[in-house]
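1. Got a predicted model here, sequence first, then my questions.
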Amino acid sequence: MASLQTQHAVLASKAPQSGSFFDEPGSNVRNSNIPSQKSERQQEQDSTTMSIDVQHISKTFGTFRALDDVSLKINDGELVALLGPSGSGKTTLLRIIAGLEAPDPNPGTSIRFYDEDVSRRAVGERQVGFVFQHYALFRHMTVFENVAFGLRVRHKSTRPSKEEIRDRVERLLSLVQLAQFSKRYPSQLSGGQRQRVALARALAVEPKVLLLDEPFGALDAQVRKGLRAWLRRLHEEIHITSVLVTHDQEEALEVADRVVVMNNSKIEQEGSPDEVFHSAKTQFVMEFLGQVNVFHGRVQRGKATLGDLTVDYPHYSGEHEQPATVYMRPHEFEIRRASNGKPSFPARITRTHSAGAVARVFLETEDAASVLVELPLDEFAQLALQEGETVHLYPKNARVFVPSESQ
Ligand SMILES: Nc1ncnc2c1ncn2[C@@H]1O[C@H](COP(=O)(O)OP(=O)(O)OP(=O)(O)O)[C@@H](O)[C@H]1O
């Protein structure tokens, strides 16, 4: 292939897509512009109460703009993940929702909880529950006392009775599966157990919304995975409107009902995990969510060209050739030994790795560009691919971005 270059963003992969752009003449390679059908869940959400509605939020620290006119609506009972790289503004947005930080005082800026303007309400009045990455539990208090704390310190007029507090704490501890640890001190718990206590403590005061800022960020990968699944199950049980800040795309895609991708102080894209993963609207989202092979091609007169491969690209019908970036996910290739006449390109296998859920095949094109392909293990075994051999790569799907259009 002529002028083929690749680079990899190292992130996780998902199940294969069914699109077959290269086999179907006239198909549209620009996935991102295909209007997506609203899922039943989305339609349901549209008709539910909006519990958090922030509009036109900007935040400047000195001369640095940490948030740039961000608007976001979160439905009642929804779990939304704010996902983005470090410094993209996720925590700042969360802190503004909480009332820990004030937005720049611009006309049009508003923060509403359940239709009530809370912009002027202090953090203590907003009824939010927090769990942070390093949510220090009180070391001198038992698990039970930690969870009960928020209720015990309430003013007499709103404080529940001793029995009510005991009942509520016991219920919460069984909800977070720590009932048997109620008498332990934080130092006698694992990191994951401590975060579950922190969550029970946040829920004890019956907040209207739950704000989670990298709650599992300090824990090791295995524990994080377990807690992720646990948090999702918990959310399904209690359905409290929740905002989860994370820079871990796997975590966001697995746990959230809706993912809000942030970049450079703005919301880059929001949608269901499927939408943001499969229909990235920008190159940033495409690269941030999932592993990608990146190729540099061209568009001209309604066609996108990548070496010998050509696909329809109706978004640009100009005569003037424009550079384009073409993305293909590792699972979006078929590998064959012999050409079947369909558009493909040859590549040499440099390494294979099959000790995992899928086999990973590392290849090099004629231009010495590297490509990563993922195959189901049975297909990999059937092909009996050998390092050093040259095979044909058949792309099954691709997304084309013309920088001037997509940015
Ligand atoms: N109090 C502050 N004073 C000055 N700059 C700040 C302050 N708080 C945040 N910032 C800056 O604003 C930007 C956004 O910060 P924020 O914490 O919201 O990012 P983030 O997306 O949550 O990142 P991370 O994942 O690293 O926590 C960063 O560049 C940060 O340095």
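-> That came through, no problem.
2. So Gly192 lies in a helix, does it not?
-> Yes - assessed by DSSP: H, G, I helix; E, B strand; the rest coil, Gly192 belongs to a helix.
3. And the biggest helix by length in the chain, what does it pack against?
-> Taking DSSP state H as the criterion, the chain has its longest helix at helix 221-238. On a contact count with 3 or more C-beta pairs under 8 Å, 6 or more residues apart in numbering; DSSP states H and E, helix 221-238 meets helix 162-175, helix 191-204, helix 249-255. Where you see a C-beta, it was placed from the backbone N, CA and C, and this is true even at glycine.
4. hey, which of the ones you listed is tucked in deepest?
-> Comparing these by mean neighbour count (mean count of other C-beta atoms under 10 Å), helix 191-204 ranks first with a mean of 23.
5. Residues touching the helix or strand just after it, excluding its own?
-> Where DSSP states H and E defines the elements, the next helix or strand beyond helix 191-204 is strand 209-213. Contacting residues not belonging to strand 209-213 are listed as 51-52, 91, 94, 97-98, 113, 126-133, 202-203, 231, 240-245 [C-beta atoms under 8 Å, 6 or more residues apart in numbering].
6. Next step: these restricted to helices.
-> Per DSSP H, the contacts of strand 209-213 map to helices at Thr91, Leu94, Ile97, Ala98, Ala202, Leu203, Leu231.
7. Max pairwise distance over those: which two?
-> Of all pairs drawn from the ones in helices among the contacts of strand 209-213, the one with the longest distance (C-beta to C-beta) is Thr91 and Leu203, at 21.0 Å.
8. On the three-state scheme, Ile74 is what?
-> Here Ile74 is recorded as strand under three-state DSSP.
9. who's in contact with it?
-> Per C-beta under 8 Å, 6+ apart, neighbours of Ile74: Met50, Ser51, Ile52, Asp53, Val80, Thr241, Val243, Arg258.
10. let's see 7 Å
-> Contacts for Ile74 (C-beta atoms under 7 Å, 6 or more residues apart in numbering) come out as Ser51, Ile52, Val80, Thr241, Val243.
11. need those residues in JSON lines with neighbour count, distance to the ligand and pLDDT, can you?
-> Shown next, in JSON lines, are these (neighbours: other C-beta atoms under 10 Å; distance: C-beta to the nearest ligand atom, whole Å; pLDDT from 0 to 100):
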{"residue": "Ser51", "neighbour count": "19", "distance to the ligand": "22", "pLDDT": "90"}
{"residue": "Ile52", "neighbour count": "24", "distance to the ligand": "17", "pLDDT": "94"}
{"residue": "Val80", "neighbour count": "21", "distance to the ligand": "15", "pLDDT": "97"}
{"residue": "Thr241", "neighbour count": "24", "distance to the ligand": "20", "pLDDT": "94"}
{"residue": "Val243", "neighbour count": "25", "distance to the ligand": "12", "pLDDT": "96"}
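12. Restricted to strands, list the residues you listed.
-> Ser51, Ile52, Val80, Thr241, Val243 (DSSP state E).
13. Model confidence for the nearest residue to the second one once chain neighbours are set aside, exactly?
-> This points to Ile52. Excluding its sequence neighbours, the residue lying closest to Ile52 (C-beta to C-beta, 6 or more residues apart in numbering) is Ile74, at 4.0 Å. For Ile74, the pLDDT comes out at 96.
14. Let me know the secondary structure of Pro105.
-> coil.
15. what about it, distance to Ile57?
-> 11 Å (C-beta to C-beta, to the nearest Å).
16. Near the ligand, which residues of this protein? Just list them.
-> Contact residues, the chain versus the ligand (C-beta under 6 Å from any ligand atom): Phe61, Phe64, Ala66, Gly84, Ser86, Gly87, Ser88, Gly89, Lys90, Thr91, Thr92, His247.
17. didn't the last one look like it was pressed against Ser86?
-> Yes - shown here, His247 and Ser86 form a contact pair, counting by C-beta atoms under 7 Å, at 6.1 Å.
18. So which of these two has more stuff around it?
-> Remark: of His247 and Ser86, His247 carries more neighbours, 18 against 7, as counted by other C-beta atoms under 10 Å.
19. Pull the contacting residues for the closest residue to Tyr114 other than its chain neighbours.
-> Among residues not flanking Tyr114 along the chain, Ser51 sits closest, at 5.4 Å (C-beta to C-beta, 6+ apart). By C-beta under 7 Å, 6+ apart, Ser51 lies in contact with Ile74, Asn75, Asp76, Phe113, Tyr114, Val209, Thr241.
20. Arg348 - how many residues pack around it?
-> 15.
21. Quickly note the distance from it to Arg360.
-> For Arg348, the distance to Arg360 (C-beta to C-beta) stands at 16 Å.
22. before we move on, what about Thr310?
-> For Thr310, the distance to Arg360 equals 28 Å [C-beta to C-beta].
23. and the two? which has more neighbours close in?
-> Arg360 (18 against 15).
24. Spell out the secondary structure type for the more buried one.
-> Classified using three-state DSSP, Arg360 is strand.
25. Just list whatever residues bridge to it.
-> Going by DSSP bridges, Arg360 is paired in beta bridges with His353, Glu374.
26. now swap in the one 4 residues further on and tell me
-> Assessed by DSSP bridges, Glu364 has beta-bridge partners Arg348, Ser370.
27. Now intersect the residues of the chain next to the ligand with the helices, please.
-> The helices, defined by DSSP H, take in Lys90, Thr91, Thr92 from the residues of the chain next to the ligand.
28. residues near the first one, how many?
-> Residue neighbour count, defined by other C-beta under 10 Å, stands at 25 for Lys90.
29. residues contacting it?
-> Leu82, Gly84, Val245, Met262.
30. If we ignore the residues flanking it in sequence, what's nearest Gln386?
-> Nearest to Gln386 is Ile349, by C-beta to C-beta, 6+ apart, at 6.8 Å.
31. Per-residue pLDDT of that neighbour, please?
-> 97.
32. Double-check it against Leu363; I have them as touching.
-> Yes - Ile349 is within contact range of Leu363, at 5.4 Å (criterion: C-beta under 7 Å).
33. Over to whichever residue of the stretch 251-400 of the chain sits closest to the ligand. Which of the three states is it?
-> For the stretch 251-400 of the chain and the ligand, the shortest gap (C-beta to the nearest ligand atom) falls at Met262, measuring 6.5 Å. Using three-state DSSP, the structure places Met262 in strand.
34. Good, we can wrap up now.
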